[in-house]
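In: Following is a predicted model, sequence given first.
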Amino acid sequence: MADFIARFNKNLEKIDSLALSFYEKDLLFSAYYNHLNHLEISPQTRELMSKLGISFKHKNIIFESKTLDSHTLQSNAQNNQPKEREERALSLFALSLFECSERAKTLQIESEHFLEQIKLNLEKTLHPQELAFLKISSIYQKLEQEKTRLQEALSELTANFLQGFENLEAPLQDEITQKANALTHALEKQKNLSAKLCFKILEIKNAQTKNPTSLETLINELDAYLQNIKHK
């Protein structure tokens, strides 16, 4: 188990090191999760993987020779403006309102799985009086709340506009689609952070010695994410 978690974290780092927009990284994170669980990878993600020369094999991420490695990708793309990359990715891989609704269902299942594992393993890993335990418990509750908030917002949007969407004015269609994609994007991020926290707890649980620095780094990342939510 510990070896699998180490490989999982290494593959997440490979994806995270790519010079891509957050949206594109989310697509790859989800694809890797689906690969591990023998789930279907979306056509949009397969298109992105083909463009980048990326594939998954034996629970690892593989870069084709044309891609070289993640550092080369990052160096070649340093001159691209992040905002332009983000807008281009959102335009190229934008989901329809129906696709957002379907994607949200998958994200809900994945996120609930990770959050459940966090809850189940936290007390088996850290003492309730440890600062890290209290911090993670608080973060867990906020991740749960954010998941619920985003799901309710997207459900309300699709319930109000999915039926008869094609009869709406084009500008309104664009606005609704953009909101749906933004909410789906946020759900992706919430799910990915829940996954990272889940596997970090499992890593600590199965390790012979704790790595407080690694845990502290993750907690700081989650804190920054939650602080960003408050300002939206």
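Out: Everything's here; your move.

In: and the helix or strand harbouring residue 159, average pLDDT?
Out: Using DSSP states H and E, residue 159 sits in helix 131-161. In this model, helix 131-161 has a mean pLDDT of 91.

In: What are the buried residues along that helix?
Out: Neighbour counts over helix 131-161 (16 or more other C-beta atoms under 10 Å) mark 132, 135-137, 139-140, 142-144, 146-147, 150-151, 153-154, 157-158, 161 as buried. Placement of C-beta: from N, CA and C, glycine included.

In: Mind giving me the packing neighbours of the following helix or strand past that helix?
Out: Next helix or strand after helix 131-161 toward the C-terminus (DSSP H and E): helix 170-206. In terms of contacts (3 or more C-beta pairs under 8 Å, 6 or more residues apart in numbering; DSSP states H and E), helix 170-206 is packed against helix 2-17, helix 22-36, helix 97-125, helix 131-161, helix 212-230.

In: let's see it at 10 Å
Out: helix 2-17, helix 22-36, helix 82-92, helix 97-125, helix 131-161, helix 212-230 (3 or more C-beta pairs under 10 Å, 6 or more residues apart in numbering; DSSP states H and E).

In: from those helices, which stretch is densest packed?
Out: helix 22-36 (a mean of 21; mean count of other C-beta atoms under 10 Å).

In: How far off centre is the following helix or strand past that helix?
Out: Downstream of helix 22-36, the first helix or strand assigned by DSSP H and E is helix 43-52. Here helix 43-52 shows a centroid-to-chain-centroid distance of 17 Å under the convention C-alpha atoms, centre = their mean, to the nearest Å.

In: pLDDT at the residue in the chain sticking out farthest from the centre, what is it?
Out: Distance to the chain centre peaks in the chain at residue 167, reaching 32.9 Å (criterion: C-alpha atoms, centre = their mean). Looking at residue 167, its pLDDT is 89.

In: cool, the one 3 residues further on as well?
Out: For residue 170, the model assigns a pLDDT of 89.
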